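Q: Structure here, sequence nowhere to be found:
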DNA sequence: GTAGGGTTAG
């Protein structure tokens, strides 16, 4: 035998276990240990239980098994390690297991210590288990572990997460040995509960600030204050960490300011800072909002180049970006190439298929997901209901709506009801939609009524439209879109006077109509057009070319359709206004600047009008171009004279 | 070969 045999294998393997970094290495060593040492020597328990409990690739059940199999006397250290691992998993059944271990310790006459309580409070915080946490707090006070600053900090965190900011503050105020983490936890407690001013007050009083405190304030302003205030704080910060960039970039992306998100990222790049996956998710969301496919492609290639792990969030964001940029094929390529599909990857793909006019495939994917044993969640139901809506499949919609609770125990929320109202409304079943709203177990919100109002317009129901429209503009006076909808319903049902009344009210209340705006990306630069816009550097060319386009498509039967224009302008002017709708300018620009045969992609902030819709169909035929337009609600892929929406919109 | 906490993320 070689000289190494002199070292007893159990000790040799135990020391090897400490050195393992990767799961494969750990498993191999572990297997060898079991084979060569015939069993787990007591000394090997610590590294194995630590790895199994705490490593992301570990196995908490294995740790539990070993803990209970051990014939040596119970050691508080090992119990604490497993409780710590359980707490991290943030699932209530794991929290019960932790509690079970805690009582077992007491049964065995082993005293829990300050570590035990810290980990238990972390578990209570991650499951927001208020009752259990307060009971344990009582024990902590009795055992005077409450003097440990770690225990106190975990209590502050626990109460804050449970929304009990007063209790958290009580722990904080009672203590005289606070450290920087206590301050940060308390500031964050105020901020996450919407008490920004309290958070700021504490921030001002803080003896020393590190970047975590700044980031808490920054995050609070993004969530509950304003992104502009957050910007000001960002500019004042003595030192920014990666988290600061994450917060502000995602703040822009989530508040409908995608261009600023991209601009801030550019600034970050100029400082040679590398983005993490949270930033990439925000960039993808910004690209999705802008329809910026080239930029989105760049993000994807960056992920591949830097070998950034494609987790399920990043994967879902990529699928969403491609789908919203009109490239459903690329979206599905990402989806299929992703090995570890979870419900969010499926949901993004189902949404993407539905929104791009492939509802049948969306249903198939939903069924396919279930057959793989992945349970649909509340959001995936919204995706599949929207697929029903795109096809006008009312019965199927109700089938899914009922199966949600009956089969999967998911209670329908406002969004699901809104999908159903949209489905019924678009299918022309307006009264059924109204009855459905009346049957809701919760109070319908304005989004639901707005959905029905939209359906009233599509189906020209002036009576119901008037009733609901008036109710809506009174209950939410600042929403410009609903005034427009109502006045258009009047115009289209030949009730010009009523329409004029709506306009008057709008003027009196100083409500401005949000301008229609279209975006088109060219070589990574996003160009923006408003209706009748003359600010683009190629304006002259664009307008001239549009005139040529109109001449050509008129030969194929194009007639300017002015039905959906405001009623209070002359017929001739209507033609001019409608003639230069933003998507037409973007289209002309796209035709001038892109190679023949390439796809033209446009994103519009409001819904496309019927005149633009028929013009696009003809252009796709006459100029032999695929045109994809994403409007506020739907996708329109125009090809050879027809549209993927099949006129159902 | 006995450890622990605070900020971000669809």
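A: That came in fine, so what should we check first? Only a predicted model underlies this, so the values are computations on that prediction, with no experimental measurement involved.

Q: can you tell me the residue of the stretch 251-400 of chain A closest to DNA strand B?
A: Taking Cβ to the nearest atom of the strand, DNA strand B has its nearest neighbour within the stretch 251-400 of chain A at residue A:344, 2.0 Å off. Using the backbone N, CA and C atoms, a C-beta is placed for each residue, glycine as well.

Q: For that residue, which non-adjacent residue is closest in space?
A: Closest residue to residue A:344 apart from its sequence neighbours, by Cβ to Cβ, 6 or more residues apart in numbering: residue A:316 at 4.4 Å.

Q: likewise residue A:628?
A: Nearest residue to residue A:628, sequence neighbours excluded (Cβ to Cβ, 6+ apart): residue A:326, at 3.8 Å.

Q: Please apply the same query to residue A:194.
A: Excluding the flanking residues, the one nearest residue A:194 by Cβ to Cβ, 6+ apart is residue A:224, at 5.0 Å.

Q: ok, that neighbour to DNA strand B distance?
A: Relative to DNA strand B, residue A:224 is positioned 11 Å away (Cβ to the nearest atom of the strand, to the nearest Å).

Q: Quick check: phi and psi on the residue nearest to residue A:628?
A: phi 80, psi 0 (degrees, to the nearest 10).

Q: Now for it: which residues touch it?
A: Contacts for residue A:326 (Cβ atoms under 8 Å, 6 or more residues apart in numbering) come out as A:291, A:293, A:356, A:599, A:601, A:628, A:630, A:635, A:637.

Q: Just name the shakiest helix or strand of chain A by mean pLDDT.
A: Least confident helix or strand of chain A, by mean pLDDT, DSSP states H and E, is helix A:571-579 with a mean of 63.

Q: Skip ahead from that one and say which helix or strand is next.
A: Remark: after helix A:571-579, the chain's next helix or strand is helix A:582-593, criterion DSSP states H and E.

Q: Rounded mean pLDDT for that next one, please.
A: Helix A:582-593 shows an average pLDDT of 90 in the prediction.

Q: swap in stretch A:283-292?
A: Taken as a whole, stretch A:283-292 has a mean pLDDT of 95.

Q: Likewise for stretch A:88-101?
A: On average, stretch A:88-101 scores 92.

Q: and for that stretch, what are the contacting residues?
A: Stretch A:88-101 has contacts (Cβ under 8 Å, 6+ apart) with A:54, A:60, A:64, A:67, A:79, A:82-83, A:86-87, A:119-120, A:122-124, A:126-127, A:129, A:132.

Q: related to what we said a few turns ago, next SSE after the host helix or strand of the residue nearest to residue A:344?
A: Residue A:316 belongs to helix A:312-324 when elements are defined using DSSP H and E. Next helix or strand after helix A:312-324 toward the C-terminus (DSSP H and E): helix A:328-337.

Q: for that following helix, which positions count as buried?
A: A:328, A:330-332, A:334-335 (16 or more other Cβ atoms under 10 Å).

Q: other SSEs contacting that helix?
A: helix A:312-324, helix A:343-355 (3 or more Cβ pairs under 8 Å, 6 or more residues apart in numbering; DSSP states H and E).

Q: switch the cut-off to 10 Å
A: Packing partners of helix A:328-337 (3 or more Cβ pairs under 10 Å, 6 or more residues apart in numbering; DSSP states H and E): helix A:293-305, helix A:312-324, helix A:343-355, helix A:359-371.

Q: out of those, nearest to residue A:468?
A: Proximity to residue A:468 (Cβ to Cβ) singles out helix A:343-355 among those, at 25.8 Å.

Q: how big is the angle separating the closest one from helix A:328-337?
A: Angular relation of helix A:343-355 and helix A:328-337 on a 0 to 180 degree scale: 160 degrees, by axes from the mean of the first three to the mean of the last three Cα atoms, to 10 degrees.

Q: what's the burial count for the single nearest residue of the stretch 501-649 of chain A relative to DNA strand B?
A: Closest to DNA strand B within the stretch 501-649 of chain A is residue A:630: 16.4 Å, counting by Cβ to the nearest atom of the strand. Other residues lying near residue A:630 total 26 when counted by other Cβ atoms under 10 Å.

Q: And for the one 5 residues further on?
A: Here the neighbour count serves as a burial measure; for residue A:635 (other Cβ under 10 Å) it reads 23.

Q: Same check on residue A:616?
A: Other residues lying near residue A:616 total 26 when counted by other Cβ under 10 Å.

Q: So which residues on the stretch 101-250 of chain A come close to DNA strand B?
A: By Cβ under 7 Å from any atom of the strand, the residues of the stretch 101-250 of chain A that approach DNA strand B are A:113-115, A:117-118, A:122, A:148-151, A:153-154, A:157, A:179-182, A:184-185, A:188, A:192, A:210-213, A:215-216, A:219, A:222, A:241, A:243, A:246-247, A:250.

Q: Pop the domain breakdown of chain A in here.
A: A:1-60, A:73-175, A:179-240, A:252-335, A:341-412, A:415-513, A:517-643 (automatic domain parsing).

Q: Confidence-wise, which of those domains is weakest overall?
A: Here these differ in mean pLDDT, and the lowest is domain A:1-60 at a mean of 78.

Q: Tell me which helix or strand comes right after whichever strand or helix holds residue A:152.
A: Per DSSP H and E: residue A:152 is located in helix A:149-161. Next along the chain after helix A:149-161, taking DSSP H and E as the criterion, comes helix A:165-174.

Q: residues in contact with that following helix?
A: A:130, A:133-134, A:137, A:146, A:151-162, A:164, A:178, A:182-183, A:185-195, A:198-199, A:202 (Cβ atoms under 10 Å, 6 or more residues apart in numbering).

Q: same question, stretch A:499-509
A: By Cβ under 10 Å, 6+ apart, stretch A:499-509 touches A:466, A:469-470, A:473-474, A:477-478, A:480, A:482-493, A:495, A:511-513, A:566-568.

Q: is it true that residue A:441 touches residue A:411?
A: Yes - using Cβ atoms under 10 Å, residue A:441 is in contact with residue A:411, at 8.9 Å.

Q: got the contact list for the residue nearest to residue A:462 when sequence neighbours are not counted?
A: Residue nearest to residue A:462 in three dimensions, not counting chain neighbours: residue A:493, with 3.9 Å by Cβ to Cβ, 6+ apart. Applying Cβ under 10 Å, 6+ apart to residue A:493 gives the contacts A:456-457, A:460-463, A:465-466, A:499.

Q: List only buried entries from the contacts of stretch A:499-509.
A: A:466, A:469-470, A:473, A:482-493, A:495, A:511, A:566-567.

Q: What about those residues, which are in helices?
A: A:466, A:469-470, A:473, A:482-492 (DSSP state H).

Q: ok, those vs DNA strand B, which is closest?
A: Nearest to DNA strand B among those, counting by Cβ to the nearest atom of the strand, is residue A:482 at 27.0 Å.

Q: What is the neighbour count of residue A:311?
A: Neighbours of residue A:311 under the rule other Cβ under 10 Å: 15.

Q: for it, what are its contacts?
A: Contacts for residue A:311 (Cβ under 10 Å, 6+ apart) come out as A:277, A:281, A:317, A:338, A:340, A:342, A:344.

Q: what's the spacing between the last one and residue A:379?
A: In this case it means residue A:344. 8 Å (Cβ to Cβ, to the nearest Å).

Q: Settle it for me: which of these two has more neighbours?
A: Neighbours were counted for residue A:344 and for residue A:379 using other Cβ under 10 Å; residue A:344 has more, 19 against 16.

Q: any idea what residue A:637 is structurally, helix, strand or coil?
A: Under DSSP: H, G, I helix; E, B strand; the rest coil, residue A:637 falls in the strand class.

Q: That one pairs with what?
A: Under DSSP bridges, the beta-bridge partners of residue A:637 are residue A:628.

Q: now do residue A:521
A: Beta-bridge pairing of residue A:521 under DSSP bridges involves residue A:526.
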